[in-house]
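1. After the sequence you'll find the predicted model.
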Amino acid sequence: MPVEVEFITLGDASSRLNVPPATLRHWTDQLEEYNTHFVLRNNRNERIYYESDLKIFKYLRDLKSEYGRRTTTEDLCYMLIDKAEEGLFELRKREDAPMPSQPSNRTADLLGQEDIQRLMNSERVRQFMDIISKNIKDDLTKKFEDKFAKMNEQLIDAHKKLQEALNEGHKRIEGELNERDKRWEERMEEREKQTNELIAEWRKQNQKPWWKKIFS
């Protein structure tokens, strides 16, 4: 494999290939998923591309443009492998693109167990930890108090609105009941008036002499 010096970022590679970064990232995942070609990564676990990679992805781009939905990515990977066997380009294997190692904890490496134990037993360190613990406790207490105070305000406001709605409902129901009682009293007064008129007419008729009753 030829020595490659300068690498290209994902953004630059997508610009040179004229494809969106998300598309290039997806193609890279697919090639690695089918064990066809693996891209190197830097110490921040970001993909980096070389000219040989761009040559491979340019060929993949052209294949997808030519075949579109008529073929699968797996079929395109087989085509890439065939072209690589013909010497068109060289595919990178998994072992040639190892994942970057995780950075070590230099503080823990420099301090042994005895050193750490001595630090934990130090009065100054304990005082410092007590201050940090108290600050964290005070901060959490304040946050909880503020949160509970806000919740209490919301509950009071909700109770107030509910009470206002109940009072409004009571007023509306009381008004409807009063209106119904008023209409009922008016009807009873009208019936009583009609009854009194009938009774008065009946009495008037019964007070006539018997001969007027016959000839009336």
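-> Perfect, I can see it now.
2. what about the residue nearest in space to the middle of the chain, distance to Leu155?
-> Nearest to the mean C-alpha position of the chain, by Cα atoms, centre = their mean, lies Lys147 at 21.2 Å. Distance of Lys147 to Leu155, given as Cβ to Cβ, to the nearest Å: 13 Å. Where you see a C-beta, it was placed from the backbone N, CA and C, and this is true even at glycine.
3. and Leu24, how many neighbours does it have?
-> Leu24 has 25 neighbouring residues, counting by other Cβ atoms under 10 Å.
4. Setting the sequence-adjacent residues aside, check what's closest to it.
-> What sits nearest to Leu24 in space, not counting adjacent residues and going by Cβ to Cβ, 6 or more residues apart in numbering, is Ser14, at 4.7 Å.
5. repeat for Asp12
-> Tyr49 (7.9 Å).
6. what's the neighbour count on the one you found?
-> 23.
7. so it touches Leu10, yeah?
-> Yes: under the criterion of Cβ atoms under 8 Å, Tyr49 makes contact with Leu10 at 7.1 Å.
8. Where do the helices of this structure begin and end?
-> Secondary structure of the chain (DSSP state H): helices at 10-17, 21-33, 51-67, 73-85, 106-110, 113-121, 123-206, 210-215.
9. TSV for those helices, including distance to Asp96?
-> TSV is the format used below for these (distance: least, Cβ to Cβ, whole Å):
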stretch	distance to Asp96
helix 10-17	18
helix 21-33	12
helix 51-67	11
helix 73-85	13
helix 106-110	29
helix 113-121	39
helix 123-206	47
helix 210-215	133
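10. Nearest to Pro98, out of those?
-> Among those, helix 21-33 comes nearest to Pro98, with 12.8 Å by Cβ to Cβ.
11. any idea of the angle the closest one forms with helix 10-17?
-> 100 degrees (axes from the mean of the first three to the mean of the last three Cα atoms, to 10 degrees).
12. Packing partners of helix 21-33?
-> helix 10-17, helix 51-67, helix 73-85 (3 or more Cβ pairs under 8 Å, 6 or more residues apart in numbering; DSSP states H and E).
13. would you turn these into JSON lines with mean neighbour count and mean pLDDT?
-> Shown next, in JSON lines, are those (neighbours: other Cβ atoms under 10 Å; pLDDT from 0 to 100):
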{"stretch": "helix 10-17", "mean neighbour count": "16", "mean pLDDT": "92"}
{"stretch": "helix 51-67", "mean neighbour count": "16", "mean pLDDT": "91"}
{"stretch": "helix 73-85", "mean neighbour count": "15", "mean pLDDT": "90"}
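14. any chance of these in TSV, plus distance to Lys137?
-> Supplementary listing: these in TSV, determined by distance: least, Cβ to Cβ, whole Å:
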stretch	distance to Lys137
helix 10-17	44
helix 51-67	53
helix 73-85	55
